[in-house]
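In: Next comes the sequence, and after it the predicted model I'd like to discuss.
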Amino acid sequence: MIATLFVFPLIDKYGRRSLLLIGEFCLTITLLMIGLSKLIFSIEVSNYLILVLIIVYLTFFEISLGPITWVYSGESLYPKGMSLGVGNNWINVFLVTLLF
């Protein structure tokens with residue numbers, strides 16, 4: 001959550017699109033590394049590696065997809081559209097949490 005505090009100066013410096021593309025690329029690479037770690041390393045090593053990679057994944061998410069999507073929707077949608085988007089987000093989060 002600390003990485004979210006540093007994203008707003010990065011948005012102004014590098015732009016939204018480039019941060020989203022870099023963040024999504026890093027998220028993809030991190031997920032691939034998580035999947036391959038079970039195949040390559042032993043169970044003891046892969047468990048610690050997966051823990052570190054999940055922290056790295058969360059950091060990249062906090063820098064890219066987490067806050068930038070809220071910035072986009074806040075700038076491009078009208079208040080009614082924004083409220084529908086936030087309501088839809090909360091309903092989907094609730095359903096995913098409930099079902100999985």
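Out: Happy to help now that I have it.

In: contacts, neighbours, all on C-alpha from now
Out: Noted.

In: Quick one: mean pLDDT for stretch 87-100?
Out: Stretch 87-100 comes out with an average pLDDT of 89.

In: what do you get for stretch 53-72?
Out: For stretch 53-72, mean pLDDT is 86.

In: All the helices of the chain, residue numbers only.
Out: For the chain, the helices defined by DSSP state H occupy 2-5, 7-14, 16-40, 43-63, 65-76, 79-99.

In: Can I get these in TSV including mean neighbour count?
Out: Shown next, in TSV, are these (neighbours: other C-alpha atoms under 10 Å):
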stretch	mean neighbour count
helix 2-5	13
helix 7-14	13
helix 16-40	15
helix 43-63	16
helix 65-76	14
helix 79-99	12
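
In: Roughly how far does residue 72 sit from residue 90?
Out: 17 Å (C-alpha to C-alpha, to the nearest Å).

In: same question, residue 36
Out: 32 Å.

In: ditto for residue 24
Out: According to C-alpha to C-alpha, residue 24 and residue 90 sit 22 Å apart.

In: Please apply the same query to residue 54.
Out: 23 Å.

In: mind listing what the residue positioned nearest the centre of the chain touches?
Out: Centroid-nearest residue in the chain, with C-alpha atoms, centre = their mean: residue 61, separated by 2.4 Å. Counting by C-alpha atoms under 8 Å, 6 or more residues apart in numbering, residue 61 makes contact with 23, 27.

In: rerun that using 7 Å as the cut-off
Out: For residue 61, the contact set (C-alpha atoms under 7 Å, 6 or more residues apart in numbering) comprises residue 23.

In: So which residues make contact with stretch 42-54?
Out: Contacts of stretch 42-54 (C-alpha under 7 Å, 6+ apart): 30, 34, 37-38.

In: Can you add distance to residue 78 and pLDDT and give those back as TSV?
Out: Shown next, in TSV, are those (distance: C-alpha to C-alpha, whole Å; pLDDT from 0 to 100):
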residue	distance to residue 78	pLDDT
30	35	95
34	39	91
37	44	89
38	46	83
